[in-house]
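Student: mind looking at a prediction? Sequence and model below.
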Amino acid sequence: MSEHAHSNYVKIWGILVVLLVLSVLGPMVGIQWLTLLTAFGIAFVKAYLVIKNFMHMNLEPRFVWYIVGTALAFMGLFYAGVSPDVMAADGDNWEKPAFVAFLEPGYVDPHAGSDAAHH
Amino acid sequence: MRPIATTRSATGIPTGKLAVWWIIASEIVIFGGLLGSYLMFRLSHPHWAGYAAHTNTMAGAFNTFVLLTSSLFAVQAHAAAAAGNGKKAANLLLMTTAGGALFITVKAFEWTHEIKMGYTITSNTFWSFYYTAAGLHALHIIGGCVIMVIVSMTARRNEELHRVELIGLYWHFVDVIWIFLFPLLYIAK
């Protein structure tokens, strides 16, 4: 690899650090959609930059993509299969009182401003 | 003499590299299941934002910076190994290891503070996820550091230089996992 490649690595690292700073500053604005964008949107961009430029996955044979793609598909299958139950507020003979209350109009967080370690 | 089984003709990928990609794929399922479960619970337990408010964002951000920097050293070590410069690759791998050690040190201080405050793995489901996910990730960091020290010893003698790329792949993957853990545990409050 050439010196040019080295300088590119430093440049990518610089971009990653700037994105990290943005992801920390984002929530300070106090807008929820902006927090989600700067936290999770930027996480995907950072992961992409590392995978492409540091792991050089774009240079790997197709077989590697099949291996990784299969693992990600299983992860998606697990989430799709389990989340409808886990993320439901109630079901047959059970309910999550905190989540049911949260979905009610005019919800006020009972733990706001308190020490919530043991609830 | 040509070493035995260094390539797999069906895939065209060197055996060691193929093994690392298989490890990464299995790790995707392990961490994916854990983070996916956390996400489901987090989205259906809005009051967890109150628990997450007690995690130290600056410590998490500093550790993210440390891991990103160590990934830079790891890929530069790969470049040095590809150029046949084993000594430089070994030194860069040791710098990567130092990054891993710094990460664990910060995590140790962070956890000590949180446990002293009463937030332990048995406090509630949020803290169970927090210690399990961050702890499993920390174990991967420690394992990676041990392997990098071993690889650096052979690389310094200009032997088995392909291993520098293999441990680098693993290290970047551990970095990617942290990239997702950071917003989940430290930012979403």
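Tutor: Thanks, I have it. Numbering: from 1, shown residues only, chains lettered A, B, ... in the order given.

Student: ok, so what distance separates A:Ile42 from B:Ile179?
Tutor: The gap separating A:Ile42 from B:Ile179 is 9 Å, by C-beta to C-beta, to the nearest Å. C-beta: built from backbone N, CA, C; applies to glycine.

Student: between those two, point out the one with more neighbours.
Tutor: Per other C-beta atoms under 10 Å in any protein chain shown, whichever of A:Ile42 and B:Ile179 has more neighbours is B:Ile179, with 27 against 22.

Student: packing partners for the helix or strand that one falls within?
Tutor: With secondary structure defined by DSSP states H and E, B:Ile179 is part of helix B:162-182. Judged by 3 or more C-beta pairs under 8 Å, 6 or more residues apart in numbering or on different chains; DSSP states H and E, helix B:162-182 is in contact with helix A:42-49, helix B:15-44, helix B:57-82, helix B:86-116, helix B:125-156.

Student: in that helix, what counts as buried?
Tutor: Neighbour counts over helix B:162-182 (16 or more other C-beta atoms under 10 Å in any protein chain shown) mark B:163-182 as buried.

Student: show me the shaky parts of the chain.
Tutor: Since you didn't name a chain, this refers to chain A. A:1-7, A:107-119 (pLDDT under 70).

Student: look at chain B instead
Tutor: Using pLDDT under 70, chain B drops low at B:1-10.

Student: where's the residue nearest to the spatial centre of chain A relative to B:Ile179, distance?
Tutor: Central residue of chain A (C-alpha atoms, centre = their mean): A:Phe40, 4.4 Å from the mean position. Look at A:Phe40 and B:Ile179: by C-beta to C-beta, they are 10 Å apart.

Student: B:Arg156 too?
Tutor: 30 Å.

Student: and what of A:Val17?
Tutor: 12 Å.

Student: mutual contacts of these two, please.
Tutor: In the contact map built from C-beta atoms under 8 Å, 6 or more residues apart in numbering or on different chains, no residue is linked to both A:Val17 and B:Ile179.
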